[in-house]
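Engineer: sequence plus predicted model, see below.
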Amino acid sequence: MIDKNKEKQLSSNCKNMFVSLTIPHRIQNPYAMLIDMPEKYFVKRRGLPLLLNFIDGLTFINQYNPYAERMIAHDGELVLITHPSEIAWG
């Protein structure tokens, strides 16, 4: 039931995508202080840093989307700004 050719093609596409994302960027999340874990989540101290790191990963992966904001820092480094939709996905 599994199409091996399609599986290889998807695997190759994912590999190529990750290779194209090798340029390191700094990520800035201006909404980080506004994010709070739900009350029913009982390990907030461990969960919040995991969530923030996951959101940073989403920002990094979505850097080529048209709504992605980019900013040049004072040292000439490219800075990616987190979009609210990436927080919602996280």
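Structural biologist: Received the coordinates, thanks. Everything numeric here is computed off the predicted structure, so don't read it as measured data.
Engineer: quick one: the helices in the protein?
Structural biologist: 4-20, 44-61, 84-89 (DSSP state H).
Engineer: between those helices, which gets nearest to Met71?
Structural biologist: helix 44-61 (12.5 Å; C-beta to C-beta). Placement of C-beta: from N, CA and C, glycine included.
Engineer: packing partners of the closest one?
Structural biologist: Here helix 44-61 touches strand 26-28, strand 78-81, helix 84-89, going by 3 or more C-beta pairs under 8 Å, 6 or more residues apart in numbering; DSSP states H and E.
Engineer: swap in 6 Å and give it another go.
Structural biologist: Applying 3 or more C-beta pairs under 6 Å, 6 or more residues apart in numbering; DSSP states H and E, one finds that helix 44-61 contacts helix 84-89.
Engineer: returning to that earlier point: looking at the helices of the chain, which is closest to Gln28?
Structural biologist: helix 44-61 (8.8 Å).
Engineer: buried residues in that closest one, which are they?
Structural biologist: Buried positions in helix 44-61, judged by neighbour count with 16 or more other C-beta atoms under 10 Å: 51-52, 55-56, 58-60.
Engineer: make TSV out of these and add pLDDT and distance to His25.
Structural biologist: TSV is the format used below for these (pLDDT from 0 to 100; distance: C-beta to C-beta, whole Å):
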residue	pLDDT	distance to His25
Leu51	84	20
Leu52	85	16
Ile55	86	14
Asp56	85	10
Leu58	84	13
Thr59	83	9
Phe60	80	7
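Engineer: which of those residues lies closest to His83?
Structural biologist: Minimum distance to His83 across those is 7.3 Å, recorded for Thr59 (C-beta to C-beta).
Engineer: lowest mean pLDDT among the helices and strands of this structure, which one is it?
Structural biologist: strand 69-72 (a mean of 70; mean pLDDT, DSSP states H and E).
Engineer: indicate which one of the helices of the chain is closest to Ile27.
Structural biologist: Closest among the helices of the chain, using C-beta to C-beta: helix 44-61, at 4.7 Å.
Engineer: where does the protein have low pLDDT?
Structural biologist: 20-24, 41-44, 67-69, 72-74 (pLDDT under 70).
Engineer: how about the residue nearest in space to the middle of it, nearest residue that isn't a chain neighbour?
Structural biologist: Centroid-nearest residue in the chain, with C-alpha atoms, centre = their mean: Leu58, separated by 1.5 Å. Computed as C-beta to C-beta, 6 or more residues apart in numbering, the closest residue to Leu58 that is not its neighbour in sequence is Glu86, at 4.4 Å.
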